[in-house]
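Chemist: One predicted model, sequence on top.
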Amino acid sequence: MKKHNVKILESFFVTHDVKSFIVERPEDYMFEPGQATEVSINKNGWKEEKRPFTFTNLPEDNFLQFIIKSYPEHKGVTKEIHTLNVGDELILHDVFGTITYQRKGLFIAGGAGITPFISIFRNLKKTDRLIGNRLIFANKTKEDIILQKELGGLFGNDFINILSEENHDDFQHGTVTKDFLKKNMNERAENFYVCGPEPMNEAVIEQLTDLGITQKSIIKEGL
Ligand SMILES: Cc1cc2nc3c(=O)[nH]c(=O)nc-3n(C[C@H](O)[C@H](O)[C@H](O)COP(=O)(O)OP(=O)(O)OC[C@H]3O[C@@H](n4cnc5c(N)ncnc54)[C@H](O)[C@@H]3O)c2cc1C
């Protein structure tokens, strides 16, 4: 397994607990939208602590971007990564496949589960293939919505937000249920892309199955 030390070129908050990291791109380091790598921090005590994160930039960009939610209570890699500054280094490992785009569909994301979809959406937009896809994005509060403005611009009326812990006129309230899915399904969806915390994935897949969606049209990743 090859390791690549890369410098952080830029970092900024995307939400109150999620940061974007733009890092150097190693030569000949290729990935497909939706793929990920294991990342560790090039600091004593952290080099062997590898965690998976997804590339969110376009495959042709000359940099890499990660969008990382911090869980300070884990006292782990995501807490430490959020303390890093421009010039600090990450260690990247092999690229591995997670979710890849197949056919038009309904994307269902929970929280940081949006990350594998970001590069897919940016790439579909760039290649004029985004129309006909729809995004359901489940979060606790409005402040938790990652890249709300960009996703709204990409999807327009096909961007459906649902918040479990807040009521707002512009957002649906509650969790993703079978009825909610039935109401918000796009008719032309051939694939159902699901990515969120494992309990949400399990519930959504069960609901989709109850609605008659076949297993082979469901593409799933757990965070
Ligand atoms: C393929 C894939 C791609 C991913 N891509 C992204 C991405 O692009 N962006 C993103 O934000 N996330 C992504 N994730 C999720 C991300 O990998 C995890 O959030 C990350 O590994 C957490 O690392 P951590 O060291 O902070 O915490 P952990 O490794 O979860 O935990 C560190 C320590 O804390 C302890 N711990 C665990 N849970 C708790 C708890 N609730 N309270 C207290 N202690 C606890 C554990 O025992 C462990 O020893 C991805 C996951 C996968 C599988």
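Modeler: Looks like it came in fine. Residues are numbered from 1 along each chain as shown.
Chemist: Please make it C-alpha for all contacts and neighbour counts, starting now.
Modeler: OK.
Chemist: Tell me how this structure divides into domains.
Modeler: Partitioning the chain according to automatic domain parsing yields domains covering residues 4-96, 105-222.
Chemist: Any residue of the last one touching the ligand?
Modeler: To tie it back to what came earlier, the one meant is domain 105-222. Yes - using CA under 6 Å from any ligand atom as the criterion, contacts between domain 105-222 and the ligand involve 112, 115, 222.
Chemist: can I get the domains of the chain in a markdown table with mean pLDDT and mean neighbour count?
Modeler: Conversion of the domains of the chain to a markdown table gives the following (pLDDT from 0 to 100; neighbours: other CA atoms under 10 Å):
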| stretch | mean pLDDT | mean neighbour count |
| --- | --- | --- |
| domain 4-96 | 97 | 17 |
| domain 105-222 | 96 | 18 |
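Chemist: Contact partners for Phe12?
Modeler: With contacts defined as CA atoms under 8 Å, 6 or more residues apart in numbering, Phe12 is in contact with 19-21.
Chemist: Could you export the residues of domain 105-222 next to the ligand as TSV, including secondary structure and distance to Thr37?
Modeler: Output for these, formatted as TSV (DSSP: H, G, I helix; E, B strand; the rest coil; distance: CA to CA, whole Å):
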residue	secondary structure	distance to Thr37
Ala112	helix	16
Thr115	helix	13
Gly222	strand	15
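Chemist: Out of the residues you listed, which is nearest to Lys79?
Modeler: Proximity of these to Lys79 (CA to CA) peaks at Ala112, which lies at 14.8 Å.
Chemist: so that closest one makes contact with Val194?
Modeler: No - look at Ala112 against Val194 with CA atoms under 8 Å: they stay out of range, at 12.0 Å.
Chemist: which ones are touching the spatially most central residue of the chain?
Modeler: Within the chain, the residue whose C-alpha comes closest to the C-alpha centroid is Thr115; the distance, by CA atoms, centre = their mean, is 1.2 Å. If you count contacts by CA under 8 Å, 6+ apart, Thr115 has them with 34, 54-56, 67.
Chemist: Just the helices from this protein, written as ranges.
Modeler: Shown for the chain, the helices assigned by DSSP state H span residues 77-81, 115-126, 148-155, 178-184, 198-210.
Chemist: mind putting those in JSON lines, distance to Val95 included?
Modeler: Compiled in JSON lines, these are given as follows (distance: least, CA to CA, whole Å):
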{"stretch": "helix 77-81", "distance to Val95": "19"}
{"stretch": "helix 115-126", "distance to Val95": "13"}
{"stretch": "helix 148-155", "distance to Val95": "25"}
{"stretch": "helix 178-184", "distance to Val95": "33"}
{"stretch": "helix 198-210", "distance to Val95": "22"}
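Chemist: Relative to the ligand, how far out is Ala36?
Modeler: Using CA to the nearest ligand atom, to the nearest Å, one gets 6 Å for the distance from Ala36 to the ligand.
Chemist: Would you list the phi and psi of the residue of the chain most remote from its centre?
Modeler: Of all residues in the chain, Asn44 sits farthest from the chain's C-alpha centroid, using CA atoms, centre = their mean; the distance is 28.7 Å. Summarising the backbone geometry of Asn44 under the convention degrees, to the nearest 10, its torsions are phi -50, psi 130.
Chemist: and it, what does it touch?
Modeler: With contact set as CA under 8 Å, 6+ apart, Asn44 has no partners.
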